[in-house]
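**Q** coordinates only, sequence not included:
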């Protein structure tokens with residue numbers, strides 16, 4: 001099928017410049033083209049950022065509505081669900097989601113993720129695996145880990161590892177500190193992360209294999225990563241927005257939504273993570289998307305499972321880093337797309353020019369928390385969200401993905417404002433995955449009209465937009481029965497009147 005040219009006009013590049021982008025033959029042909037081919041379809045971006053589709057490195061579940069809402073066009077699936085330790089399962093996972101979502105499975109490093117016997121990594125690479133991963137935990141046996149690194153390196157694959165020493169973290173649900181002590185929770189010292197990183201870095205130095213630490217959340221661990229990079233070792237690391245914006249204070253009152261793996265750290269470690277994002281020590285910002293339902297979370301803190309949904313809020317929380325001056329817009333999409341794509345061997349070349357660019361400070365959306373959002377407004381699987389926090393169940397954020405293109409198909413993002421929608425949903429366009437970002441978040445996705453008047457936030461953090469109250473129906477409403485269900489009394493009969501169980505005459 002021959003594709004007609006596409007012109008995206010009035011788009012803001014990641015460098016801050018407003019430009020037009022011409023796509024011809026499924027590829028970017030020119031920025032600010034002088035001549036527009038006949039029959040070209042024009043899309044007005046209305047000043048929104050034109051950015052590469054987000055590559056979410058290390059999700060534990062594939063949830064299309066959540067990924068579409070967050071502008072995620074590619075997701076690297078962790079091997080824990082299955083586990084993905086044989087070529088058949090890897091091939092099946094790699095074929096799922098296309099064309100509007102590309103799933104890139106990560107091969108299990110060991111059979112059953114037990115940490116004892118190497119899996120068939122070579123065959124899994126042929127089946128579609130893009131990297132090797134140890135799953136939710138690390139490989140305790142240093143000999144096995146050394147063989148995994150050497151085998152993966154010989155195949156040109158990066159090894160993605162979890163960094164916590166299991167000898168220190170066994171049975172722990174929090175990080176050592178005042179909050180864990182006050183709550184009486186089993187806790188582990190933050191140094192457990194640095195100990196695991198130190199061992200694996202020694203193996204990397206000996207083998208020369210590339211390694212990616214999926215989450216590094218402590219100052220000591222980041223110091224080790226920084227020193228390893230200075231020595232030229234092939235080391236990268238990532239983090240989730242939760243560990244950048246929440247500390248262990250969030251688990252107060254036994255809030256199980258804040259039970260994560262690794263657990264939330266102290267305020268000093270959180271500030272060290274922000275500094276590491278700013279100085280380039282941290283390479284990847286990922287959602288760690290691990291949705292848990294009420295049956296897993298509405299339990300005593302020690303019994304609740306770690307993890308929570310994060311795909312919908314990944315971009316919005318990342319834009320906070322731009323707003324606060326920690327990173328530029330271009331650097332943010334290096335964290336979200338370019339570096340994850342490079343680690344997975346995928347193309348991701350964002351169109352950019354110039355330097356700078358910030359979201360509009362007076363236009364905000366907000367990430368909802370704690371309740372299910374239907375009809376694709378937020379992901380359908382999730383009832384518990386990451387950034388709820390104490391008090392009001394929302395957190396002000398800077399913008400969201402307005403629309404995206406993946407695999408040649410426009411993706412429904414859930415935004416009801418047609419001015420922020422690309423008008424070629426469902427049409428085939430062999431275009432590299434990209435998304436339009438409403439940097440100001442001027443419209444929160446909703447089905448009802450919005451109140452255009454900004455209202456002060458209850459938290460005093462700026463402005464957000466409220467729904468207009470739903471107008472009352474002119475028709476009389478029937479009163480719902482209260483207490484005993486309707487018809488129950490009418491149909492109730494005494495046991496003695498029962499034709500079978502009743503007393504004999």
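**A** Nice, thanks for sending it over. As the structure is a prediction and not an experimental result, all values here were calculated from the model. Numbers count the residues shown, from 1 in each chain.

**Q** just checking, residue 129 touches residue 119?
**A** No - with contacts counted by CB atoms under 8 Å, residue 129 stays clear of residue 119, the gap being 9.8 Å. (Each C-beta comes from the backbone N, C-alpha and C, glycine too.)

**Q** more crowded one of the two?
**A** Between residue 129 and residue 119, residue 129 has the larger neighbour count (other CB atoms under 10 Å), namely 30 against 26.

**Q** need the residues touching each of residue 129 and residue 119.
**A** Applying CB atoms under 8 Å, 6 or more residues apart in numbering, one finds that residue 129 and residue 119 are jointly contacted by residue 107.

**Q** which regions of the stretch 351-500 of the chain lie under the pLDDT threshold?
**A** In the predicted model, the stretch 351-500 of the chain carries pLDDT under 70 at residues 351-395, 398, 405-500.

**Q** report the buried residues of the strand or helix carrying residue 182.
**A** Here residue 182 sits within helix 178-183, counting by DSSP states H and E. For helix 178-183, burial by neighbour count (16 or more other CB atoms under 10 Å) applies to 179-180, 183.

**Q** how about the helices in the stretch 251-400 of the chain?
**A** 267-279, 294-297, 314-323, 329-333, 339-344 (DSSP state H, counting those that start in this stretch).

**Q** and the ones you listed: which comes nearest residue 38?
**A** For the helices of the stretch 251-400 of the chain, the distance to residue 38 is smallest for helix 329-333, at 32.9 Å, taking CB to CB.

**Q** what sits against residue 226?
**A** For residue 226, the contacting residues are 276, 281, by CB under 8 Å, 6+ apart.

**Q** any idea of the pLDDT on it?
**A** Residue 226 carries a pLDDT value of 98.

**Q** state the distance from it to residue 273.
**A** 12 Å (CB to CB, to the nearest Å).

**Q** over to residue 27?
**A** From residue 27 across to residue 273, the span is 38 Å (CB to CB).

**Q** same check on residue 78?
**A** According to CB to CB, residue 78 stands 21 Å off from residue 273.

**Q** so between those two, which is more surrounded?
**A** Counted by other CB under 10 Å, residue 78 and residue 273 do not tie: residue 78 has more neighbours, with 28 against 25.

**Q** what's the more buried one sitting at in phi/psi?
**A** The phi/psi pair for residue 78 (degrees, to the nearest 10) reads phi -60, psi 150.

**Q** that one reaches residue 57, doesn't it?
**A** No - if you go by CB under 8 Å, residue 78 and residue 57 don't touch, sitting 9.6 Å apart.

**Q** and for residue 118, the neighbour number?
**A** Residue 118: 16 neighbours (other CB under 10 Å).

**Q** that one: what's it in contact with?
**A** 109-111, 144, 147-148, 151.

**Q** quick check on these: which are buried?
**A** Buried among the contacts of residue 118 (16+ other CB under 10 Å): 109-110, 144, 147-148, 151.

**Q** list just the nearest of those to residue 250.
**A** Taking CB to CB as the measure, residue 250 lies nearest residue 109 of the buried ones among the contacts of residue 118, at 31.4 Å.

**Q** which helix runs longest in this protein?
**A** When the chain is parsed with DSSP state H, its longest helix is helix 191-207.

**Q** after it comes which helix or strand?
**A** Reading on from helix 191-207 to the C-terminus, the next helix or strand found by DSSP H and E is strand 211-213.

**Q** can you tell me what sits against that following strand?
**A** Counting by CB under 8 Å, 6+ apart, 57, 131, 149, 158-161, 163, 197, 200-201, 204, 221, 225, 234-238, 283-284, 343 sit against strand 211-213.

**Q** ok, now which ones touch residue 292?
**A** 304-305, 307-309, 384.

**Q** direction included, what does the host helix or strand of residue 42 pair up with?
**A** Using DSSP H and E, residue 42 sits in strand 41-44. Strand 41-44 sits in its sheet next to strand 6-12 (parallel), going by DSSP bridges.

**Q** for the partner strand, which positions count as buried?
**A** Buried residues in strand 6-12 (16+ other CB under 10 Å): 6-9, 11-12.

**Q** swap in stretch 30-44?
**A** 33, 41, 43.

**Q** for stretch 188-198, same thing?
**A** Buried-residue list, stretch 188-198, by 16+ other CB under 10 Å: 188-190, 192-198.

**Q** let me know the closest of the residues you listed to residue 124.
**A** Nearest to residue 124 among those, counting by CB to CB, is residue 196 at 24.3 Å.

**Q** ok, the closest one to residue 247 distance?
**A** Residue 196 is 21 Å from residue 247, by CB to CB.

**Q** cool, residue 333 as well?
**A** Separation of residue 333 from residue 247 (CB to CB): 26 Å.

**Q** those two: who's more crowded?
**A** Higher neighbour count among residue 333 and residue 247: residue 333, with 28 against 19, using other CB under 10 Å.

**Q** picking up where we left off before, can you flag the buried ones in the contacts of residue 292?
**A** Buried members of these, counted by 16+ other CB under 10 Å: 304, 307-309, 384.

**Q** and the helices in the stretch 101-250 of the chain, which stretches?
**A** Under the criterion DSSP H, counting those that start in this stretch, the stretch 101-250 of the chain contains helices at 121-127, 142-154, 166-169, 178-183, 191-207, 219-230, 241-245.

**Q** which one of the ones you listed is the most hemmed in?
**A** Across the helices of the stretch 101-250 of the chain, averaging neighbours per residue (mean count of other CB atoms under 10 Å) puts helix 241-245 on top, at a mean of 22.

**Q** what's it in contact with?
**A** 215, 217, 258, 260, 262, 264-265, 270, 273-274, 277, 285, 287-288, 308, 310, 313-314, 317-318, 320-321, 386-387.

**Q** using ChimeraX, define a selection of the buried residues within those residues.
**A** Filtering the contacts of helix 241-245 down to the buried ones (16+ other CB under 10 Å) takes a single ChimeraX command:
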select :215,217,258,260,262,264,265,270,273,274,277,285,287,288,308,310,313,314,317,318,320,321,386,387
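
**Q** follow-up on the earlier one: looking at the helices of the stretch 101-250 of the chain, spot the one closest to residue 21.
**A** helix 241-245 (28.6 Å).

**Q** returning to what we had before: between the longest helix of the chain and helix 267-279, how big is the angle?
**A** In terms of direction (axes from the mean of the first three to the mean of the last three CA atoms, to 10 degrees), helix 191-207 departs from helix 267-279 by 40 degrees.

**Q** which helices and strands sit right next to helix 191-207?
**A** Identification of packing neighbours for helix 191-207 by 3 or more CB pairs under 8 Å, 6 or more residues apart in numbering; DSSP states H and E yields helix 142-154, helix 166-169, strand 211-213, helix 219-230.

**Q** quick one: closest of these to residue 87.
**A** For those, the distance to residue 87 is smallest for helix 142-154, at 15.3 Å, taking CB to CB.

**Q** what about the strands in the stretch 1-150 of the chain?
**A** In the stretch 1-150 of the chain, the strands defined using DSSP state E, counting those that start in this stretch lie at 6-12, 18-24, 27-31, 41-44, 49-52, 54-59, 72-77, 102-108, 131-133.

**Q** which stretch in the ones you listed has the least confidence?
**A** strand 27-31 (a mean of 81).

**Q** partners of that one in the sheet?
**A** strand 18-24 (antiparallel).

**Q** buried residues in the strand it pairs with?
**A** Of the residues in strand 18-24, those buried (16+ other CB under 10 Å) are 19-24.

**Q** now distance to residue 82 too, for those, in JSON lines please.
**A** Shown next, in JSON lines, are the buried residues of strand 18-24 (distance: CB to CB, whole Å):
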{"residue": "19", "distance to residue 82": "44"}
{"residue": "20", "distance to residue 82": "45"}
{"residue": "21", "distance to residue 82": "40"}
{"residue": "22", "distance to residue 82": "43"}
{"residue": "23", "distance to residue 82": "37"}
{"residue": "24", "distance to residue 82": "41"}
